[in-house]
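Enquirer: Provide a 3D model corresponding to the input given below.
(2 chains)
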Protein chains: 2
Amino acid sequence: MSHTLSADLEFWFVQHADRMQRELFEFLRIPSVSARTEHAADVRRAAEFLQRSLETIGCDVEIVETPGHPVVLAEWRRAGPHAPTYLVYGHYDVQPAEPLDLWETPPFEPAVRGGRLYARGSVDDKGQLYLHIKAIEAILAVRGGLPVNIVLVAEGEEEVGSENLADFVRSNADRLACDGVVVSDSSMFAPGIPSILSSLRGLAYFQIDVEGPTVDLHSGSYGGAVVNPATALARILASLHDDARRVAIPGFYDSVRPWPETVLREMRALPFDDGTFLGETGAPALGGEDGFTTLERIWTRPTCEVNGLLSGYTGEGAKTVLPSRAMAKVSCRLVPAQYPEEIGRLMRAHVESVAPPEVRVTVTELHGGKPWRAELGGPLFDAGCKALEAAFGRAPVIVGEGGSIPVVEVFESILNAPVLLMGFGLPGENAHAPNEWISVENYERGMRAVACLWTTLG
Amino acid sequence: MSHTLSADLEFWFVQHADRMQRELFEFLRIPSVSARTEHAADVRRAAEFLQRSLETIGCDVEIVETPGHPVVLAEWRRAGPHAPTYLVYGHYDVQPAEPLDLWETPPFEPAVRGGRLYARGSVDDKGQLYLHIKAIEAILAVRGGLPVNIVLVAEGEEEVGSENLADFVRSNADRLACDGVVVSDSSMFAPGIPSILSSLRGLAYFQIDVEGPTVDLHSGSYGGAVVNPATALARILASLHDDARRVAIPGFYDSVRPWPETVLREMRALPFDDGTFLGETGAPALGGEDGFTTLERIWTRPTCEVNGLLSGYTGEGAKTVLPSRAMAKVSCRLVPAQYPEEIGRLMRAHVESVAPPEVRVTVTELHGGKPWRAELGGPLFDAGCKALEAAFGRAPVIVGEGGSIPVVEVFESILNAPVLLMGFGLPGENAHAPNEWISVENYERGMRAVACLWTTLG
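Expert: Numbering: from 1, shown residues only, chains lettered A, B, ... in the order given. Below is the predicted model of the structure:
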C-alpha cells in the first residue's frame, strides 16, 4: 500500500507557503543563544514568538518558568478524552554563531540560496520545530480539528544540556501523560531517504582548567624552572587516547553494551560512501578508532573530543610568555549503558592521576545526557513509517545518530511512552557550525509528513 | 679602591629628577607595540620622541628606515678621533599589553606605587634605554662634553625578533665601528646586587597549525570518524618532552656545549633561594628538567615552551564542536651552540614525523636569535664593574639570563667588539606580563652607573 498526502492539505500548504516562510524567517531572526547570558532576553523573545504562533492557530499556551530559560507548553485537547494524546518536543534555543566571519550571510538573517535556507537554528532546531506548528495549523484550518490531542513542549535550553527539562517533565508528568512522543531534531540519512532514528549517543561535557603561575611569565626568565600549564594540559589531553585511537581513560568502556545485531545489519545495508562523507568534512582523510567502519564509529562507539583550547598568547606574531593558565573544553559521546555521572567520575580520576603536581588542575562538568536506543515497533512507529512514505514517496530507513538529544531518554523514562525520532535535516548541514542550513524541500516535505502522521494516527 | 659618583653629576641628577620623570612618562605613554600592525604609527611616534630627546641634548640623530620599524641612530663624536667610541643599544618597542584586565593601572599610563614605576616598557626596555640618554645629558650639561664618542642605536623590533637589525648593523658597520657595546635590557640578580650578564639564551619561535575539516563540525554527527585537530595538536605538543621533562625532539641537544666550570662555580655561590623564586611566580611548585638546579635550568639549559593555544570554542558554557583547526605558539630557548635554523629544521622534522596523516600540519618559524656567552674581561668589562660599584656601593656579581637579546650576538660578531650587559631590572618585574614595573631606585642608580661608566672610560 502506498501512502500519499490528501489533496486538501496539500492545497493548503501550497496556498500558504509564502506567509509561512515569512513567519519562519521572523523566528530565525531572534538570536536565541542559550549559552550566552547576554542573549537571555532574546531567548525569552523566541519563547514569546512561539506562544503567539501557537495561540494564533488555536492552542492553549503557557510559558512555564524554570531556573533557566522558560519552557513553552502548548495544548490542543479538543479530540476528547478518548482520543490518543501525543507530545511534540522541540527546542527554540540555538548554538552560539561564532566564528561570525565564516558565515557567508549573517547567522540571524535567513537567506535562501540553491534550495537551502541558511540561518543559525534553521535545522537545529527552530525550523524543525516550526514545521510541526505549521502542520497542526494546516489540519486545524482544513479539517477544523485534529483526530488526536496534542501537547507541544518547546524548551530553551537544549544547547546547554536541558538542565531544567527533566524537572519540568517530572513536575508536570500528569499534564504531559501521552501515548507517544515525536521529536524532529535529527537528520535524514541522505537526500530523498526519509529516516527514523533508532539511537542517540549521550554526552558528558567537561572543562579542564590548568593553573600555574599567578600571571603570565616571561618564558626566558622563568622557562625551564616552572611547569608550563599549556604543556601540562597538552600532556593531559594526549593521555585521553591510545595509539589505536581508543579512549584511554581507565574503565571508560566497562559499561558499553553490545549493539543489537539486527540494527548493525540494517546499518551495513545503508548506501553509505566514505568518500562522500569525507567530502562533506573537507578534511584530508577520515580517521578514528581502529577496527570500526565510519557509521559504526559515529553511531555505535563512544568518543572523547577536544572542543576548545585556550592558553597564553594567541594573537598576531610572537609573544614569549609562559602562560599562567590553560583551558580545554572536552566532551565524551556515550553509548548504552554509559552514564554521564560515571564517565565524569572516571574522567576526573584519570585527569587527577596524570596531572603533574606543580600545577592546579580542575575538571568541571558542564553538562551531560544519557545515551538512548529505541524499540522499533508499535502504533506510533508504524504511523511514522507511513507518514514519511506519504511525504517522501518511499519507506524510511532505520538509522543511528552520533549526536545527543538527552531529553529523549528523559521523556521515555518519566512518561513511560515510546519516542519517535523523525528528523528532516541532512548530512553536512553545518549544525553547530557556520553556515547552518536546512533543505527547503525537506522543510516542505517534513511539514506534510507531520500532518500525515496525525491524520494517520486518528 | 672604592668608587663613587662625583658630586657635580650627583647634584645635577637630584636637581633634574622631576623633569626627567615627566619626560620618561611621556615616552612610556606611547603604546609602541611592535607585534601589532595597528600600533605601527605608535611605534614611529616613539622613534620620533627619541629623536627629539637626543637632539635636545646635543646628538646628531637620524631615523633610519628598515623594511619594518625604523632604527633611531644618534651620534655624539666630539671626543675626537683619538678617543674611544662606544655603542649603546636599546629598544623602544614593547610587548603587547594583553590581557588588559589584569593590569592594576593602565599599561600605557605610568604610575608609581611603593617605589615601583608601573608601565608596559618601564623595564623592558624603554626605561633602561631612557636612563642612558639622561646619563649622557648629565655629563654634557655638567662637564660640557664626554671623554668618549657615543653611538646610540635604538631599535623598534626587539620584541618581534629584531629581524632587520642585523642588516642595519651590517650595512652601517663602518659608522657603527666601536670599542665596545653597552646594553641595559636585563635584570640584576637581586635588589642591591648590581650584576653583569655573562650569557643569554637564544630563541627559536614557531607557530604550529593543525587543519582538519573545512569548518567546525558537530562533534556528535562527526565525532569519532574525523581526526580532531585539537587532539592531534595536543598529542604533537605532548611529544615535545619526555617524562623527565627533557626536550624529546631528536637531535635537540646534539650541539649543546658544556658550560664553563668557572661560571658554574660563580652561579652556585649566588644567594639564590628556590622559595623566593617560587613566591614570585605564584605557582604551586617549581618543576623542570630532571637533574638541574633552578638557576641551571633557566640560565644553562635549553627549553621548549608552549606560549599559546587556540582551537574551537573557548567562550562561556558548552559548545559541541569538532574544531576545524588548532594553533599553538611554541618556542625553544637555546644555549651555545644551538642555532635557530638548525632547531627549526629539527622541530619541523619531528612534528612531521609525529603528525597524523588525516590532518594538515604546518610549522611556521616566527623568529629566532642565537644564544651568547661573554668573555669576562677587558677595559669595558673592568669599567663596568667600577661604575656599578660606584652607583650601588658594592661590586657586581656575574650572572646568567634565561631570556634572549638576539642582537647581542649580532653586534659582537659583525662589529667584532665586546658587549657589556649591565641591566637594572629585578626578578619578578613582570616583563612581558601584566603590571610590568621597574624599581625607581634602580632607575636612579642605573642612570648614575652609566654616567660613571663614561667618565671612567675617558
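Enquirer: can we go C-alpha only for contacts and neighbour counts from here?
Expert: Fine.
Enquirer: Now do the helices in chain A.
Expert: A:7-15, A:17-28, A:40-56, A:126-143, A:165-171, A:173-176, A:229-238, A:261-269, A:274-281, A:294-299, A:340-354, A:379-392, A:407-415, A:440-457 (DSSP state H).
Enquirer: Quick one: the ones you listed as JSON lines, columns for distance to chain B, mean neighbour count and mean pLDDT too.
Expert: Rendered in JSON lines, the data for those read as follows (distance: least, Cα to the nearest Cα, whole Å; neighbours: other Cα atoms under 10 Å in any protein chain shown; pLDDT from 0 to 100):
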{"stretch": "helix A:7-15", "distance to chain B": "31", "mean neighbour count": "13", "mean pLDDT": "95"}
{"stretch": "helix A:17-28", "distance to chain B": "19", "mean neighbour count": "16", "mean pLDDT": "96"}
{"stretch": "helix A:40-56", "distance to chain B": "13", "mean neighbour count": "19", "mean pLDDT": "98"}
{"stretch": "helix A:126-143", "distance to chain B": "17", "mean neighbour count": "22", "mean pLDDT": "98"}
{"stretch": "helix A:165-171", "distance to chain B": "17", "mean neighbour count": "17", "mean pLDDT": "96"}
{"stretch": "helix A:173-176", "distance to chain B": "28", "mean neighbour count": "15", "mean pLDDT": "97"}
{"stretch": "helix A:229-238", "distance to chain B": "4", "mean neighbour count": "27", "mean pLDDT": "98"}
{"stretch": "helix A:261-269", "distance to chain B": "15", "mean neighbour count": "12", "mean pLDDT": "88"}
{"stretch": "helix A:274-281", "distance to chain B": "5", "mean neighbour count": "15", "mean pLDDT": "92"}
{"stretch": "helix A:294-299", "distance to chain B": "5", "mean neighbour count": "24", "mean pLDDT": "95"}
{"stretch": "helix A:340-354", "distance to chain B": "11", "mean neighbour count": "17", "mean pLDDT": "98"}
{"stretch": "helix A:379-392", "distance to chain B": "22", "mean neighbour count": "22", "mean pLDDT": "96"}
{"stretch": "helix A:407-415", "distance to chain B": "15", "mean neighbour count": "20", "mean pLDDT": "92"}
{"stretch": "helix A:440-457", "distance to chain B": "19", "mean neighbour count": "22", "mean pLDDT": "96"}
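Enquirer: So A:Gly458 is in contact with A:Pro147, correct?
Expert: Yes. Applying Cα atoms under 8 Å as the test, A:Gly458 and A:Pro147 come out as touching, 4.4 Å apart.
Enquirer: got any residues that touch both of the two?
Expert: A:Ala83 (Cα atoms under 8 Å, 6 or more residues apart in numbering or on different chains).
Enquirer: okay, these two: which has more neighbours?
Expert: Shown here are A:Gly458 and A:Pro147; by other Cα atoms under 10 Å in any protein chain shown, A:Pro147 has more neighbours (20 against 15).
Enquirer: and that one, what are its phi and psi?
Expert: Comment: the main-chain dihedrals of A:Pro147 come out as phi -80, psi -10, following degrees, to the nearest 10.
Enquirer: So it versus A:Leu54, what's the distance?
Expert: 18 Å (Cα to Cα, to the nearest Å).
Enquirer: Domain-wise, how is chain A divided?
Expert: Here the domain parsing of chain A from automatic domain parsing is A:7-200+A:371-457, A:202-264+A:297-367.
Enquirer: And the shortest one, end to end?
Expert: Okay, so that is domain A:202-264+A:297-367. With Cα to Cα as the measure, domain A:202-264+A:297-367 spans 11 Å from end to end.
Enquirer: ok, how many other residues are close to the residue in the stretch 351-458 of chain A that chain B sits nearest to?
Expert: Relative to chain B, the nearest point of the stretch 351-458 of chain A is A:Gly403 (3.6 Å; Cα to the nearest Cα). When counting by other Cα under 10 Å, one arrives at 24 neighbours for A:Gly403.
Enquirer: give the contact list for it.
Expert: If you count contacts by Cα under 8 Å, 6+ apart, then A:Gly403 has A:200-202, A:333, B:218-221 around it.
Enquirer: switch to 7 Å and redo it
Expert: A:Gly403 makes contacts with A:200-201, B:220-221, as judged by Cα atoms under 7 Å, 6 or more residues apart in numbering or on different chains.
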